[in-house]
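**Student:** Sequence first, then the predicted structure, then my questions.
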Amino acid sequence: MDLYTALLGGEVLIDTFDGKVKLKVAPETQSGTKVKLKGKGFPVYKKDNEFGDLVVTYQVKLPSNLTEKEKELLTELQKIRNNGNN
């Protein structure tokens, strides 16, 4: 998921074995956070119509090729964060 969705929250579309699922992402979700989707995993061995759980691990993709304006805004955000932590 992108940095902005991880920070601000939103929705992501996840591919499962039986189609796509829309997941809500809580604000300030960290990379590596795991979410369990009950019944969306592999079929259970020798049990008809039973499926295991699918574990999704969020990976936050950082933006690249930033514009000068984006760098400027991130620098401002960094200053705000640093001033608040002193």
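**Tutor:** The structure has been received and is ready for your questions.
**Student:** How far away from the center of its chain is the longest helix seen in the chain?
**Tutor:** Scanning the chain for the helix with the most residues, using DSSP state H, yields helix 68-84. Remark: helix 68-84 is offset 23 Å from the chain centroid, using CA atoms, centre = their mean, to the nearest Å.
**Student:** again with stretch 60-68
**Tutor:** Distance of stretch 60-68 from its chain centroid, counting by CA atoms, centre = their mean, is 16 Å.
**Student:** that older thread, packing partners for the longest helix of the chain?
**Tutor:** With contacts taken as 3 or more CB pairs under 8 Å, 6 or more residues apart in numbering; DSSP states H and E, helix 68-84 sits against no other helix or strand. For the C-beta atoms, the positions are set from N, CA and C on the backbone; glycine is no exception.
**Student:** can you list the residues that contact it?
**Tutor:** Contacts with helix 68-84, where a contact means CB atoms under 8 Å, 6 or more residues apart in numbering, come from 63, 66.
**Student:** Can I get that helix as CSV, trimmed to CA atoms?
**Tutor:** This file holds the C-alpha atoms of helix 68-84, laid out as CSV (Å, rounded to 0.1, in the frame of the first residue of the first chain):
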residue,chain,number,x,y,z
GLU,A,68,10.6,19.6,-5.6
LYS,A,69,7.2,20.5,-4.1
GLU,A,70,6.8,17.1,-2.5
LYS,A,71,10.3,17.4,-1.0
GLU,A,72,9.5,20.8,0.3
LEU,A,73,6.3,19.6,1.9
LEU,A,74,8.0,16.6,3.5
THR,A,75,10.7,18.9,4.8
GLU,A,76,8.0,21.0,6.4
LEU,A,77,6.4,18.0,7.9
GLN,A,78,9.8,16.8,9.3
LYS,A,79,10.2,20.2,10.9
ILE,A,80,6.8,20.1,12.5
ARG,A,81,7.4,16.6,13.8
ASN,A,82,10.9,17.5,15.2
ASN,A,83,9.6,20.6,16.9
GLY,A,84,6.8,18.6,18.5
